[in-house]
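>>> Sequence and predicted structure, then a few things I'm wondering about:
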Amino acid sequence: MNIVGSISEEATTLDQIPHGYMRLRGDRILYMNRMLISFFGSPYDRLPELEQRYPEVSFLRERATDGPTTRWVDIGGLLLNVGVFTADDSRTVCFIPAHYLAETDPGLQSLQQAYDDFVEIFQNCFDGIYVADGSGKTLWINDGFERCYGLSARNFLGRSASELERQGYISPLITWKVITTKQRTTTLQTTKSGRRILATGIPLFDKNGRVRKVIINSRDTTELVELQARLDEAKREIGRYESEIARLRKEVIPGGNLVWTSERMQEVVDLALRVAKFDTTLLITGESGVGKEVVVNLIHGHSARLNAPLVQINCGAIPGELLESELFGYEEGAFTGSRLRGKKGLLELADGGTLFLDEIGELPVNLQVKLLRVLQDQTFTRVGGTKTIRTNFRIVAATNCNLKENVRQGTFREDLFYRLSVVPIEVPPLRERPQDIISLSYHFLEFFNAKYGFSKKLSAPAMERFVQHRWPGNVRELRNLIERLVVTTPEEVVSVDRIPEDVISAPTEGLESPDSDQIEALSAAAFRTKVHTYEATLMRRAVEHFGGIRRTAEVTGISESTIKRKLQALRA
């Protein structure tokens with residue numbers, strides 16, 4: 001198509017045509033027909049002004065060729081076939097909407113439909129999509145890209161991609177990296193508003209291997225990053241919890257058998273836990289029934305040998321002639337009645353673990369010599385054997401007698417005593433730690449209630465008698481008495497008259513108790529006052545021990561109001 005004649009002569013005719021026409025000379029716009037003015041919204045005098053509003057027409061500034069050129073251009077969602085015709089020093093541009101051409105060409109109709117579908121898919125894609133040419137000029141921006149980066153496509157179409165970074169909308173920009181490296185590139189970008197965008201740039205190549213287009217897909221990962229941060233924090237929190245649980249597990253007594261409140265026992269526990277991780281030999285001393293075996297379990301449970309066996313033998317419970325074979329084992333035919341294949345001794349069975357020698361003071365002198373060699377060399381031979389056996393175990397000994405006195409009397413070897421007592425741990429008797437009586441009493445009460453299916457409780461006067469008793473049998477005596485009271489008391493509450501006479505009449509400690517003459521001289525009112533004082537004092541001790549009135553009420557079965565009333569009586 002060739003348009004000739006002056007603009008003034010053609011104006012009337014061209015204004016009637018439903019296509020857009022424009023006459024250019026350099027950057028000056030000499031003429032725009034009525035349809036094109038309506039399409040662009042207003043008449044323009046210079047091409048840069050039009051290009052600023054519609055970057056899609058920037059190709060009109062390209063150097064003119066000798067012949068006509070045509071191209072398809074999307075302006076404001078309308079697909080146009082634009083033809084440029086050069087004549088002398090001017091150019092005529094014709095804008096023909098695609099649907100005019102498609103009406104007469106079935107192929108163009110199909111192409112128009114495909115194009116319309118593509119544009120609709122492109123604009124409605126949730127991810128941001130950005131398209132630039134091989135020189136980095138912005139060609140397409142969809143709604144998702146505008147939403148991700150908080151910008152308007154109209155302001156950047158036709159402009160260099162670097163403008164996006166220069167104005168702070170995107171950092172870092174990957175368009176130029178894709179063009180220069182010719183490789184797919186993925187990075188995490190930050191927008192002007194602080195959002196985090198995962199962007200992937202893909203190069204498209206022409207037949208010569210040059211990058212002709214760059215497609216960048218962007219996805220807003222701000223919420224994803226925040227979720228990841230919360231997940232990482234949750235993992236760190238879980239790690240702290242696991243560390244705390246591991247620490248608490250180390251503090252929890254294996255089997256739950258060691259219960260204490262007193263500072264005396266706290267010192268014992270602290271020392272036991274401190275030396276548990278070292279393989280040094282320990283000597284546990286204390287009266288019978290104070291809980292030496294439980295302390296040994298505590299030490300083994302917190303040692304590096306935790307998963308190896310804890311082998312125990314009571315040196316005073318086995319006759320001397322049999323104790324040697326039990327400790328060292330024996331070979332086949334070592335003595336009459338022995339097993340055909342012999343037998344491993346406890347020293348072998350304890351290999352890798354802990355050997356607990358209870359009542360070590362009862363060990364015969366001849367075995368003390370052999371045990372000393374084991375401690376020194378970690379080797380021994382079985383009874384009736386000649387083969388030297390090497391073993392690795394930790395020895396913990398316990399006794400309720402004074403080994404120093406035994407050494408002085410010649411019944412215990414001095415060198416063995418010093419070998420065993422590298423770290424001595426003395427467990428105090430129960431009478432020297434009366435604070436533990438209440439804790440242990442309720443611990444055993446709960447244990448035997450669960451064992452026999454009861455819900456027995458101790459009355460306040462009964463507990464007071466427990467606190468006053470000297471407990472010559474120590475914790476073992478207290479445990480046995482609680483079991484006896486649980487199974488023999490028909491009432492739900494164990495009253496003071498159910499306690500055996502030897503406990504009731506025992507010497508008192510802590511609270512002042514009147515003798516017979518004093519009781520005789522007491523008036524009824526004074527007697528009641530004494531009783532109330534006893535109860536209130538015991539209540540105060542229980543509240544101090546359990547850390548509050550509510551917990552005391554839960555453990556003792558006494559109502560909170562009763563406890564408060566008795567405490568008020570004590571203050572009065």
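Sure thing, it's come through.

>>> Quick check: phi and psi on the nearest residue to Val269 once chain neighbours are set aside?
Of all residues not flanking Val269 in the chain, Trp260 sits nearest, at 6.7 Å (C-beta to C-beta, 6 or more residues apart in numbering). C-betas here are computed from N, CA, C, even on glycine. Dihedral pair for Trp260: phi -160, psi 160, per degrees, to the nearest 10.

>>> Could you tell me how far Trp260 is located from Pro434?
When distance is defined by C-beta to C-beta, to the nearest Å, Trp260 is 12 Å away from Pro434.

>>> just to revisit the earlier point, just give me the neighbour total for the residue nearest to Val269.
18 (other C-beta atoms under 10 Å).

>>> Which residues are in contact with it?
Residues near Trp260 by C-beta atoms under 8 Å, 6 or more residues apart in numbering: Gln266, Val269, Arg433, Asp436, Ser439.

>>> State the helix or strand in which the fourth one lies.
Assignment of secondary structure by DSSP states H and E places Asp436 within helix 435-452.

>>> helices and strands around that helix, which ones?
Helix 435-452 is packed against strand 457-458, helix 460-468, helix 474-488, helix 524-546, with contacts defined by 3 or more C-beta pairs under 8 Å, 6 or more residues apart in numbering; DSSP states H and E.

>>> you'd agree Met32 is up against Gly41?
No - using C-beta atoms under 8 Å, Met32 is not in contact with Gly41, being 11.2 Å away.

>>> that older thread, in CSV, list the helices and strands packed on helix 435-452 along with mean neighbour count, mean pLDDT and distance to Asp377.
Converted to CSV, the helices and strands packed on helix 435-452 look like this (neighbours: other C-beta atoms under 10 Å; pLDDT from 0 to 100; distance: least, C-beta to C-beta, whole Å):
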stretch, mean neighbour count, mean pLDDT, distance to Asp377
strand 457-458, 23, 90, 53
helix 460-468, 20, 86, 49
helix 474-488, 18, 93, 37
helix 524-546, 16, 69, 49
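
>>> Nearest approach to Val275 belongs to which of those?
helix 474-488 (21.9 Å; C-beta to C-beta).

>>> re earlier: what pLDDT, on average, does the helix holding Asp436 get?
Average pLDDT, helix 435-452: 90.

>>> mind listing what's buried in that helix?
435-445, 447-448 (16 or more other C-beta atoms under 10 Å).

>>> With distance to Asp279 added, can I get those residues in TSV?
Output for the buried residues of helix 435-452, formatted as TSV (distance: C-beta to C-beta, whole Å):
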residue	distance to Asp279
Gln435	33
Asp436	30
Ile437	35
Ile438	37
Ser439	32
Leu440	31
Ser441	36
Tyr442	36
His443	31
Phe444	34
Leu445	38
Phe447	33
Phe448	37
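
>>> Closest one to Arg413 out of these, please.
Of all the buried residues of helix 435-452, Asp436 has the smallest distance to Arg413: 34.9 Å, by C-beta to C-beta.

>>> now the stretch 101-250 of the chain, which segments are flagged as low pLDDT?
Applying pLDDT under 70 to the stretch 101-250 of the chain flags the ranges 102-112, 115, 242-250.

>>> For the residue nearest the centre of the chain, which three-state class applies?
With distances taken as C-alpha atoms, centre = their mean, Ile238 lies nearest the centre of the chain, 0.6 Å away. Secondary structure for Ile238, judged by DSSP: H, G, I helix; E, B strand; the rest coil, is helix.

>>> Repeat that for the one 3 residues further on.
Under the three-state scheme (three-state DSSP), Tyr241 adopts helix.

>>> Give the burial count for it, as a bare number.
For Tyr241, the neighbour count with other C-beta under 10 Å is 10.

>>> One more: Leu327?
Neighbours of Leu327 under the rule other C-beta under 10 Å: 24.

>>> Phi and psi next, for it.
Dihedral angles of Leu327 (phi, psi; degrees, to the nearest 10) stand at phi -80, psi -50.

>>> separation between Leu157 and Gly168?
In terms of C-beta to C-beta, Leu157 sits 19 Å off from Gly168.

>>> got it, and Cys125?
25 Å.

>>> now swap in Glu359 and tell me
The separation that Glu359 has from Gly168, given C-beta to C-beta, amounts to 83 Å.

>>> Tell me which of these two has more neighbours.
Taking neighbours as other C-beta under 10 Å, Glu359 and Gly168 compare with Glu359 leading, 19 against 11.

>>> Tell me the pLDDT of that one.
91.

>>> Now do the contacts for it.
Glu359 makes contact with Asn314, Cys315, Gly316, Ala317, Ala398, Thr399, Asn400, according to C-beta under 8 Å, 6+ apart.

>>> let's go with 7 Å and repeat that
Asn314, Cys315, Gly316, Thr399 (C-beta atoms under 7 Å, 6 or more residues apart in numbering).

>>> And the second one, how far from Pro172?
Cys315 sits 78 Å away from Pro172 when distances are taken as C-beta to C-beta.

>>> burial count for the residue lying closest to Glu560 once chain neighbours are set aside?
Of all residues not flanking Glu560 in the chain, Ala553 sits nearest, at 4.6 Å (C-beta to C-beta, 6+ apart). Here the number of neighbours of Ala553 (other C-beta under 10 Å) works out to 19.

>>> Quick check: which helices or strands does whichever strand or helix holds Ala553 pack against?
Ala553 is part of helix 549-556 when elements are defined by DSSP H and E. Here helix 549-556 touches helix 524-546, helix 560-571, going by 3 or more C-beta pairs under 7 Å, 6 or more residues apart in numbering; DSSP states H and E.

>>> Could you rerun that using 10 Å?
When contacts are defined as 3 or more C-beta pairs under 10 Å, 6 or more residues apart in numbering; DSSP states H and E, helix 549-556 packs onto helix 435-452, strand 457-458, helix 524-546, helix 560-571.
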